[in-house]
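Peer 1: Give me a 3D structure for the following:
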Amino acid sequence: LSVRFVQLSHLPWRTEAEQVLSKPFGTEVDSKMVKAEIVLFVLCALSQATGCFQLITPSRWGGMPANCSAPLKNVLPENVVIIHTAGPPCQSKEECSRETRNVQDYHLRVKHWCDIAYSFLIGEDGNVYEGRGWRAEGAHTFGYNDLSLGIAFIGLFTERSPNEAAWKALKCLLDFSVKIGYLHPDYLIMAHSDVSDIVSPGEHIRQVISKWPHYKHQ
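Peer 2: As a prediction, this is how the structure comes out:
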């Protein structure tokens, strides 16, 4: 398997990343699987190359295999829903990986969903943990699952706000998602409680994002 190295400054964004991996190298099925893995690897490498955040893929946080097939209604979603997991917080990669596995286990075993509900999760270690990712429909917010990215802070935040590292990771993830073409530049961001009768993600978080230019109370 020969992989071509691309200068980060010249890498075309989003759909263009697939063009970088245009050479066949096996059966059609194997080729698609390997190319998908390499595209994800490139995106992970780019996220780290920005120096802004690190994307932890399911294989790295110990996720179970997913069985989801429904894509987002729009390839370029225009909404972002901010949530909290309402469980224990985490301060290290080891702790956050464990909590992400616990959330996925609950969603699979108890809720009988096809995977963890969220597109991404953010720990107070400053890392971003990939859930269903940029392209798959979530299971986090009724009426918005196929129209939005659902991003959950790991922890219960009814009494406090996430730390600075977590907020930085969220901002970096949003900026990065726009740059690679997986989020509309004029996206609207909202708290889970803005569109559902629920306390998530807590008033402290809602107050912060309500001051952001992309905030939209529905």
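
Peer 1: Going by C-alpha atoms from here, please, whenever you check contacts or count neighbours.
Peer 2: Noted.

Peer 1: Give me the nearest residue to residue 133, chain neighbours excluded.
Peer 2: Counting by CA to CA, 6 or more residues apart in numbering, residue 133 lies nearest to residue 119, which is 4.6 Å off, once chain neighbours are set aside.

Peer 1: The closest residue to residue 78 other than its chain neighbours - how many residues pack around it?
Peer 2: Of all residues not flanking residue 78 in the chain, residue 187 sits nearest, at 4.3 Å (CA to CA, 6+ apart). The tally of other residues near residue 187 (other CA atoms under 10 Å) stands at 18.

Peer 1: Can you give me the distance of residue 187 to residue 148?
Peer 2: Plainly put, residue 187 is 9 Å away from residue 148 if you go by CA to CA, to the nearest Å.

Peer 1: Are there residues contacting both of those two? Which ones?
Peer 2: Taking CA atoms under 8 Å, 6 or more residues apart in numbering as the contact rule, residue 187 and residue 148 both touch 77-80.

Peer 1: In terms of distance to residue 159, which of these ranks first?
Peer 2: Within these, proximity to residue 159 (CA to CA) peaks at residue 80, which comes in at 22.7 Å.

Peer 1: For the helix or strand containing the closest one, which helices and strands make contact with it?
Peer 2: If you go by DSSP states H and E, residue 80 is part of strand 79-84. Counting contacts by 3 or more CA pairs under 8 Å, 6 or more residues apart in numbering; DSSP states H and E, strand 79-84 is packed against strand 148-153, strand 188-191, helix 192-195.

Peer 1: What is the second one packed up against?
Peer 2: I take that to be strand 188-191. Judged by 3+ CA pairs under 8 Å, 6+ apart, the packing partners of strand 188-191 are strand 79-84, helix 203-209.

Peer 1: The first one: what's the following helix or strand?
Peer 2: Per DSSP H and E, the first helix or strand lying C-terminal to strand 79-84 is helix 93-109.

Peer 1: what sits against the residue nearest to the spatial centre of the chain?
Peer 2: By CA atoms, centre = their mean, the chain has its centre lying nearest to residue 120, at 2.6 Å. Residues near residue 120 by CA under 8 Å, 6+ apart: 128-133, 149-152.

Peer 1: Tell me how far it lies from residue 63.
Peer 2: According to CA to CA, residue 120 stands 13 Å off from residue 63.

Peer 1: Next: residue 197.
Peer 2: For residue 197, the distance to residue 63 - CA to CA - is 29 Å.

Peer 1: More neighbours: which of the two?
Peer 2: Per other CA under 10 Å, whichever of residue 197 and residue 63 has more neighbours is residue 63, with 20 against 8.

Peer 1: List the contacts of the closest residue to that one other than its chain neighbours.
Peer 2: Computed as CA to CA, 6+ apart, the closest residue to residue 63 that is not its neighbour in sequence is residue 101, at 6.0 Å. By CA under 8 Å, 6+ apart, residue 101 lies in contact with 61-64.
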